[in-house]
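A.B. asks: pasted the sequence and its predicted model underneath.
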Amino acid sequence: AQSVTQLGSHVSVSEGALVLLRCNYSSSVPPYLFWYVQYPNQGLQLLLKYTSAATLVKGINGFEAEFKKSETSFHLTKPSAHMSDAAEYFCAVVTGRGADGLTFGKGTHLIIQP
Amino acid sequence: DGGITQSPKYLFRKEGQNVTLSCEQNLNHDAMYWYRQDPGQGLRLIYYSQIVNDFQKGDIAEGYSVSREKKESFPLTVTSAQKNPTAFYLCASTHGVMNTEAFFGQGTRLTVV
């Protein structure tokens, strides 16, 4: 079985500061990993995905994530936070062909302080 | 533009009633999924369908039903057997399998009154 743990249901950073959102996964086989962003009362939008190519993945809006197999982690980072980054962020995993869908973490609410 | 359309955006249900949430996609995607979102719970899979006329239960299928009569459409019915239906419901689709990008609709917020 696969699972995802996101550390911290809420993360608060100052505008211009580093953003770090943590994600650890559990999977018995090589996973595919995703980060999605959700704005209030909206659907989810893909930020980036890891599919066993490069371990450092760059996404939209200046976000990137690094796959570390030894740590079973896929943390999301952004060097400088903008007010527009305030949203809910979800890490998700799928294994194999993923026929039964993504498994999501419980989400991290990112708060940007002016 | 291609995408997934969910309707309605807001839905109110009286206790004991069945309601149907619509999900339509024009992306020519084979697979479609329904997720339920509750605060602090993340997204949980209700039902999914890989091809027309076939669907499988997800992790929390009790009290829900679906159909897949057309490739473009995957409606979800919340039945009176679902004891706690108030939630945000999201529909998603993928071209073939879930290790490619999933596209999501804008969601339907269902409230029991």
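C.D. replies: Cool, the structure landed.
A.B. asks: what's the local residue count around residue B:66?
C.D. replies: As a burial measure, residue B:66 scores 22 neighbours (other C-beta atoms under 10 Å in any protein chain shown). No exception for glycine: its C-beta is placed from N, CA and C like everyone else's.
A.B. asks: and it, what does it touch?
C.D. replies: By C-beta atoms under 8 Å, 6 or more residues apart in numbering or on different chains, the residues touching residue B:66 are B:34, B:46-47, B:49, B:55, B:74-77.
A.B. asks: hmm, 10 Å instead?
C.D. replies: Counting by C-beta atoms under 10 Å, 6 or more residues apart in numbering or on different chains, residue B:66 touches B:20-21, B:23, B:32, B:34, B:46-49, B:55-58, B:74-77.
A.B. asks: excluding its backbone neighbours, what's nearest it?
C.D. replies: Closest residue to residue B:66 apart from its sequence neighbours, by C-beta to C-beta, 6 or more residues apart in numbering or on different chains: residue B:47 at 4.5 Å.
A.B. asks: pretty sure that neighbour sits against residue B:65.
C.D. replies: Yes - if you go by C-beta atoms under 10 Å, residue B:47 and residue B:65 touch, sitting 8.1 Å apart.
A.B. asks: the more surrounded of these two?
C.D. replies: Between residue B:47 and residue B:65, counted using other C-beta under 10 Å, the more crowded position is residue B:47 (23 against 17).
A.B. asks: beta partners for the more buried one?
C.D. replies: Listed beta-bridge partners, residue B:47: residue B:34, residue B:57 (assigned using DSSP bridges).
A.B. asks: residue B:58 versus that one, what's the distance?
C.D. replies: To residue B:58, residue B:47 is 6 Å away according to C-beta to C-beta, to the nearest Å.
A.B. asks: sorry, back to before: please pick the buried ones from the contacts of residue B:66.
C.D. replies: Among the contacts of residue B:66, those scoring as buried are B:21, B:23, B:32, B:34, B:46-49, B:55, B:58, B:74-76 (criterion: 16 or more other C-beta atoms under 10 Å in any protein chain shown).
A.B. asks: any low-confidence regions in chain B?
C.D. replies: Within chain B, the stretches with pLDDT under 70 are B:1, B:97-99.
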